[in-house]
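Q: Here's a sequence, model it:
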Amino acid sequence: MTRVLVVDDEIPIQRFLKPALTAAGYEVLIADTGREALRLVATSAPDLVVLDLGLPDRDGKDVLVDIRAFSQIPIIILSARDRETEKIAALDLGADDYVEKPFAIGELMARVRTALRHAGTGRDEAMRFDSGGLCVDLHRRLVSRDGQSLKLTPKEYTLLALLVQHAGRVITHRQILSTVWGPAHVDDAQYLRVLISQLRNKIEADPAIPKLLLTEPGVGYRLWVDD
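A: Numbers count the residues shown, from 1 in each chain. A predicted model of the protein is given here:
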């Protein structure tokens, strides 16, 4: 059974999440401190962590860094901190996703399924994407939309390949700019806006109403995966 560790000191959140996750078929572990979270990750081998940032003994971002020092387990941040800087910092430190409190349980469950699916995907599968009419084969460098081959510029392809390799997850502006243009251009947001527009014009059925390349306001972008 897939095991999910919930790290949150709020009793109402624990009482809400544990039965919801259990009903969805997950085994649930609970930790209300960062110290207990690290112990359970190391000793109980959870498959995914739902991590609050406001823990009583330490900041959740520090716990995230400590987990990432020895594990690549999927981590979804669940926090009332809604500042964009907090989201970006957590994602840049290695979180797989970020959900704000208050949250809809259906949205959280969808994020959990996506993170687990991405973690369990083999390398060959991770090199392919087929959703919403868009087909990408990174091994063969082929991209098509509704069966029609698409011709991308080198930067468009680099951006799309990055999104495919992390499909379903948020990629921050800084991560994209560093990958596509290099570390010296992490603040050149205008470059990214133009490139996103160009790519949407090629992969979206209606670029004005994107269904595949989604914006996470102030944070980054996510490539949608059919559930």
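
Q: Now do the closest residue to Ala31 other than its chain neighbours: how many residues are near it, please.
A: The shortest distance from Ala31 to any non-neighbouring residue, by Cβ to Cβ, 6 or more residues apart in numbering, is to Ala37 (4.2 Å). C-betas here are computed from N, CA, C, even on glycine. Here the count is done by other Cβ atoms under 10 Å, and Ala37 has 29 residues near it.

Q: Pull the contacting residues for Ala37.
A: Leu5, Val7, Ala31, Val49, Leu51, Leu55, Val63, Ile67 (Cβ atoms under 8 Å, 6 or more residues apart in numbering).

Q: give me that answer again for 7 Å
A: For Ala37, the contacting residues are Leu5, Val7, Ala31, Val63, by Cβ atoms under 7 Å, 6 or more residues apart in numbering.

Q: what do you get for Leu162?
A: Ile171, Ile176, Thr179.

Q: now those residues: which count as buried?
A: Ile171, Ile176 (16 or more other Cβ atoms under 10 Å).

Q: List the ones among the contacts of Ala37 that fall in helices.
A: Val63 (DSSP state H).

Q: domain parsing for this protein?
A: 3-120, 123-223 (automatic domain parsing).

Q: returning to what we had before: could you export the contacts of Leu162 as TSV, including distance to Met109 and secondary structure?
A: Conversion of these to TSV gives the following (distance: Cβ to Cβ, whole Å; DSSP: H, G, I helix; E, B strand; the rest coil):
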residue	distance to Met109	secondary structure
Ile171	22	strand
Ile176	27	helix
Thr179	30	helix
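
Q: Apart from its chain neighbours, what residue comes closest to the residue nearest the centre of the chain?
A: The centroid of the chain falls nearest to Arg169 when counting by Cα atoms, centre = their mean (2.6 Å). Among residues not flanking Arg169 along the chain, Asp96 sits closest, at 5.4 Å (Cβ to Cβ, 6+ apart).

Q: check contacts around that neighbour.
A: Pro74, Ile75, Ile76, Ala115, Arg169.

Q: 8 Å - rerun?
A: Counting by Cβ under 8 Å, 6+ apart, Asp96 touches Pro74, Ile75, Ile76, Ala115, His118, Arg169.

Q: Please report how far Arg113 lies from Asp57.
A: According to Cβ to Cβ, to the nearest Å, Arg113 stands 30 Å off from Asp57.

Q: And the two? Which one has more around it.
A: Arg113 (16 against 13).

Q: Now that one: which helix or strand?
A: Assigned by DSSP states H and E, Arg113 belongs to helix 105-120.

Q: Stretch 194-214 spans what distance, first to last residue?
A: 15 Å (Cα to Cα, to the nearest Å).

Q: If you count neighbours, what's buried in that stretch?
A: For stretch 194-214, by 16+ other Cβ under 10 Å, it's Leu195, Ile196, Gln198, Leu199, Arg200, Lys202, Ile203, Glu204, Pro210, Leu212, Leu213.
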